[in-house]
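Engineer: What shape does this take:
(chains A, B, C and D)
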Protein chains: 2
Amino acid sequence: MAIERGPPVGASIKDVALRAGVSVKTVSNVINDFQFVSDATRAKVRAALEELDYRPNLSARLLRGGRTGVVALAVPEISSPYFAELAAQFVQQAKGHGWTVLVDETQGAKDSEHVVLEGIKSHLIDGLIVSPLALTAKEIDQRRDHTPLVLLGERLAHAPVDHVSIDNVAGATTATAHLIALGRRRIAAIGSQPHISGGTAALRLRGYRAALRTAKIRYDASIVIPAKSYHRADGYAAMHALLDLPAPPDAVFCFNDLLAIGALRALHERGRQVPSEVAVIGFDGIEEGEFHTPTLSTIRPDKAEIARLALALLERRITDGPAASPREGFASFELLARQSTARS
Amino acid sequence: MAIERGPPVGASIKDVALRAGVSVKTVSNVINDFQFVSDATRAKVRAALEELDYRPNLSARLLRGGRTGVVALAVPEISSPYFAELAAQFVQQAKGHGWTVLVDETQGAKDSEHVVLEGIKSHLIDGLIVSPLALTAKEIDQRRDHTPLVLLGERLAHAPVDHVSIDNVAGATTATAHLIALGRRRIAAIGSQPHISGGTAALRLRGYRAALRTAKIRYDASIVIPAKSYHRADGYAAMHALLDLPAPPDAVFCFNDLLAIGALRALHERGRQVPSEVAVIGFDGIEEGEFHTPTLSTIRPDKAEIARLALALLERRITDGPAASPREGFASFELLARQSTARS
DNA sequence: GCTAGGTTTTACAACGTTGTTTACTACGTT
DNA sequence: AACGTAGTAAACAACGTTGTAAAACCTAGC
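Structural biologist: Residues are numbered from 1 along each chain as shown, chains lettered A, B, ... in the order given. Below you'll find the predicted structure:
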């Protein structure tokens, strides 16, 4: 005959109350530091809490109208260093707000993002920070779930949502201008996404073109290579394609660091010297670039600031409710000039 | 005068019931596909659900005794590529179990891991997968929270917990033997952790020593460099220290890939040729190593298998309850021989 | 027309928590 | 001696959901 075990759950307030010989509400009062509890009662209850190793049931608390102290961060791809580093910032800084961050991965898939937005997990979390890849302003506008939301990344026109972004056009212009300042004139770009308008890629392309225009360099679409995704392998393939051209570039602006690292790999394989023959700059400022050979020049958005701003907006949104008018935050970026664009 | 808005919450079952003109329970029955519901009623309720855009309150469902469909994965550091890639595997595969994975970061801090284990978030999730850095078997044994748990990483002796690991000793032996097979005899190690017994570092050190012993190479403690953490900068510093020795090594086994990448950077700065002068091998098989210059040899644990096994164990644990005897899973690994250990 | 048997729907309770209301106590005031 | 008043404790309801059990509704068979 099996030994009868109790249910595998922790003690509830009721158990504590029973043990302390007080009412359920009194226990709740002690837990929540309600003022009118006598020292004797408080001590009794504290002891019972200790003995039974009580811990609150967040579901119940939330159901009752409270908060869980948990916010979710949804990014397209956890394994991408940029998002991983960004997530780490969020986790760090959320502590200051008394929040635990749970990271969710959307795989950039529209339906996943949709699901996130539509609140599969609603009522489990206090708020939601989403870095969208595929969502449109309309979808965001039409969302029915009312979990407080902050978006990261591109400003989606007309979407009435709190929002944190960096100036991608300016960042791209800075990167391209940096290459021009080295004396390069045939500057390729890797990572355009012709079929997606208004996204990060489009903005970075615009910044690239702006810098060319300022320097009176003709825009040559044949050395602007699209990339479906932003992985090392995409940059690798794109760079090989560039090197196969009759007139290869003397510099490349990659729309993110992973593309740049793939490009560097391809250049190395083809025996091209970096930066003397081809200079390379990326975007994102991931740690990997600092240790690559050669070290990678890049535009580094201030990830800590992004996290700080987004969490502040979320906090405000939760406090003010859904009716408050949406706000936006802008994080800064910096140019990190390293070996891949050193003056040769 | 402000327009009066309803509360910012979605419709509940009660609202749906009211709209459809049926009882609350009938709505619940429709939602849960209870068999005895007439087609007419079902249709009515479905319509109301649609119109009000109903979505379930997971807190309430969980409180009532159900499941949320959410499991948490707690790793020491999200921004570490190994954990990021591992997390991605979990997110992918959890779909097959009908789970959403939320990733939590413990920062390797003992109290954070403790907090995770002690169930701050208990009652919000169906299960928990933890990759512990600092936890001891005793703490795990004494945990009071009864959320189904699976551990990743080292087998903690005597801890009666479900567990997935790889054979770290064998992996380290394979790596070291690979260096020996190249003809190297002065083989350093980077990443030992003398103050932590039984952890990953200790096992990899044991494997390293075993390989040396087999090859009849004397163990030299002066070329085994400890590392507090496993970041690129630690490997970088350690390699510089090794190169400062009177008799520097002709090969290095780094206990993870980030250490190895830092070491490669240091070697490059000091003008040492890899692999001809110094061969380098890492551990983890992160994507970054595939694109580094030179490409990094490594031991790659099967991350997909780790995720698969861990999720299967968790599923079982949830089904069988806490009394079922703990099980373990072992994932395989493979040696990836790349440029950093190419025969010169 | 009545009953048995099955189908369909509903009322109720419970999960664990906390806001609101009510009740009791002890004290000092009139 | 009756009367606040402030401090303390408890009873109750409610959050949204679903299991249990009972009620209401059918249909067929006599």
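
Engineer: pLDDT-wise, which helix or strand of chain A ranks last?
Structural biologist: Scoring the helices and strands of chain A by mean pLDDT, DSSP states H and E places helix A:110-118 at the bottom, with a mean of 59.

Engineer: Then residue A:101 would be within a strand, right?
Structural biologist: Yes. Counting by DSSP: H, G, I helix; E, B strand; the rest coil, residue A:101 is found in a strand.

Engineer: Just the buried positions in the biggest helix by length in chain A, please.
Structural biologist: Using DSSP state H to define each element, chain A has its longest helix at helix A:303-320. Using 16 or more other C-beta atoms under 10 Å in any protein chain shown as the test for burial, helix A:303-320 gives A:303-315, A:317-318. C-beta here means a position set from N, CA and C on the backbone, and glycine is covered the same way.

Engineer: for stretch A:86-104, same thing?
Structural biologist: A:86-91, A:93-94, A:97, A:99-104.

Engineer: cool, and stretch A:200-220?
Structural biologist: A:200-205, A:207-212, A:217.

Engineer: Tell me the one among those residues nearest to DNA strand D.
Structural biologist: residue A:200 (36.7 Å; C-beta to the nearest atom of the strand).

Engineer: Pull the contacting residues for that closest one.
Structural biologist: Listed by C-beta atoms under 8 Å, 6 or more residues apart in numbering or on different chains, the contact set of residue A:200 reads A:153, A:154, A:168, A:255.

Engineer: So which of those sit within strands?
Structural biologist: Judged by DSSP state E, the contacts of residue A:200 include no members of strands.

Engineer: who does the one residue in chain A that gets nearest to chain B bridge with?
Structural biologist: In chain A, the residue that lies nearest chain B is residue A:102 (3.5 Å; C-beta to the nearest C-beta). Residue A:102 forms beta bridges with residue A:72, as assigned by DSSP bridges.

Engineer: from what I can see it touches residue B:72, true?
Structural biologist: Yes. The criterion here is C-beta atoms under 8 Å, and residue A:102 meets it with residue B:72 at 6.8 Å.

Engineer: Need the residues touching each of these two.
Structural biologist: What both residue A:102 and residue B:72 touch, as defined by C-beta under 8 Å, 6+ apart, is the set B:102, B:103, B:104.

Engineer: quick one: the helices in the stretch 101-250 of chain A?
Structural biologist: A:110-118, A:137-142, A:168-181, A:200-214, A:232-243 (DSSP state H, counting those that start in this stretch).

Engineer: domains of chain A?
Structural biologist: Taking automatic domain parsing as the criterion, chain A consists of the domains A:13-56, A:70-166+A:303-333, A:168-301+A:335-341.

Engineer: The shortest one and chain B, are they touching?
Structural biologist: Looking back up the chat, that one is domain A:13-56. Yes. Using C-beta under 8 Å from any C-beta of the partner chain, domain A:13-56 reaches chain B at A:53, A:55.

Engineer: Whether that domain contacts DNA strand C - can you check?
Structural biologist: Yes. Counting by C-beta under 7 Å from any atom of the strand, DNA strand C is contacted by domain A:13-56 at A:13, A:14, A:24, A:25, A:28, A:31, A:32, A:54, A:56.

Engineer: In space, what's closest to the last one - neighbours in sequence excluded?
Structural biologist: Distance criterion C-beta to C-beta, 6 or more residues apart in numbering or on different chains; nearest residue to residue A:56, sequence neighbours excluded, is residue A:31 at 7.2 Å.

Engineer: And stretch A:41-59, how far out from the chain middle?
Structural biologist: 38 Å (C-alpha atoms, centre = their mean, to the nearest Å).

Engineer: Kindly apply the preceding question to stretch A:226-240 instead.
Structural biologist: 21 Å.

Engineer: buried sites along it?
Structural biologist: Residues A:227, A:230, A:231, A:232, A:233, A:234, A:235, A:236, A:237, A:238, A:239, A:240 are the ones in stretch A:226-240 that count as buried (16+ other C-beta under 10 Å).

Engineer: OK, contacts around the second one?
Structural biologist: Think residue A:230. A:80, A:191, A:255, A:256, A:258, A:259.

Engineer: can you tell me how far the residue nearest to it when sequence neighbours are not counted sits from residue B:171?
Structural biologist: Distance criterion C-beta to C-beta, 6+ apart; nearest residue to residue A:230, sequence neighbours excluded, is residue A:256 at 4.7 Å. Separation of residue A:256 from residue B:171 (C-beta to C-beta, to the nearest Å) stands at 32 Å.

Engineer: Of these two, which one has the most company?
Structural biologist: Ranked by neighbour count (other C-beta atoms under 10 Å in any protein chain shown), residue A:256 and residue B:171 place residue A:256 first, with 27 against 24.

Engineer: wait, that one sits on residue A:285?
Structural biologist: No. Judged on C-beta under 8 Å, residue A:256 makes no contact with residue A:285 at a distance of 10.0 Å.
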